Every structure is written in structure tokens, then in C-alpha cells.
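Trainee: Build the 3D model from these lines:
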Amino acid sequence: MSQLAKLRVLIADDHFLIRQFVRNALDESKITNVQTAADGNEAIDLVQKAHDSNLPYDIVFLDWNMPTISGLEVLSYFRAKPEYAGTAFVMLTAESEQQNIMKAIKAGATSYIIKPVSPTDLGKKLFEIHEWIKRKRQPSSAVSG
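Mentor: Residues are numbered from 1 along each chain as shown. Predicted structure coming up:
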């Protein structure tokens, strides 16, 4: 089993077809432990429940524009909590303006993917995100990066 196959992933997007597309792209990378949320409230609830049950998500994909709570607000909520420092929060959104990308990066986004994204490009991003997770989760005695 590849290291990617062990990842636990949440896809939070209000569009069913986007959730399915990302799930299918993750399947191609052998990532099958995937859950979905249709809005920001559901995303927060699922991320907290996973953490509380000691099975935290490794990657949370967030759409920017969702009902109830935006992806950026979800990102900011979890980045304010140190226990989620090793979780990769990835904005997966149609918001392509440079100022929005910078806003998300400043808020703590691990990566920023502009929709539409191809399965190949998503696969490349997954590798980068996985490398980030490995660096973040190294024992604190290791050199941080």
C-alpha cells in the first residue's frame, strides 16, 4: 500500500459533482478513505469528530464559496487551534484572483488549487501536500521546515 493510500481526506464543497470528481481523482491515487461535506458547518463538525475520535483527517479540501460558513472561515477556525497544525487545509476553489489566493495563504492554507483541476494536476498537488504533512508531523527534535 502506498503512503498516499493511508491518507484520510475530507472534501467540503457544496457541489455534488465537484465532490465526486475529487473523490474519483483521489481514487486514482489509491486514496479511498474519503468523506464529504456539503457546507462549512458540516466540515467543521466532521473535522472535530474525526480529531476527537483519534482518527484526524490528513487533508481537508475546502471550497471557498459554501453555504453557512465559507471555506476561508473554516480554514481560519482550525488554524487558530494548535492541535490542527499538522492537518493540510487545501483551498479548492474557482476563486482565482491573486488577492484571494494571498488571503487564503495568509490564513494558513497548505495549498491552493483553482477549479477546474485535472486529475493529473491534483495528483501532483497530492504529492506536494503529502510531503508537507510528513514535514509537519516529524518529531519536534527534527529540524522543522
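Trainee: Phe78 versus the spatially most central residue of the chain, what's the distance?
Mentor: In the chain, the C-alpha closest to the average C-alpha coordinate belongs to Val60, at a distance of 2.4 Å (CA atoms, centre = their mean). To Phe78, Val60 is 8 Å away according to CB to CB, to the nearest Å. Yep, even glycine has a C-beta here, placed from its N, CA and C like the rest.
Trainee: which regions of this structure sit below the pLDDT cut-off?
Mentor: Counting by pLDDT under 70, the ranges of the chain that qualify are 1, 140-145.
Trainee: Which residue ranges of it form strands?
Mentor: Secondary structure of the chain by DSSP state E: the strands cover 8-12, 33-37, 59-62, 88-93, 111-114.
Trainee: Could you find the closest non-adjacent residue to Val117?
Mentor: Among residues not flanking Val117 along the chain, Leu92 sits closest, at 7.1 Å (CB to CB, 6 or more residues apart in numbering).
Trainee: about what we covered before: which residues are in contact with both of Val60 and Phe78?
Mentor: Overlap between the neighbourhoods of Val60 and Phe78 consists of 47, 87, 89, taking contacts as CB atoms under 8 Å, 6 or more residues apart in numbering.
Trainee: partner residues bridging the residue nearest to the centre of the chain?
Mentor: Assessed by DSSP bridges, Val60 has beta-bridge partners Leu10, Phe89.
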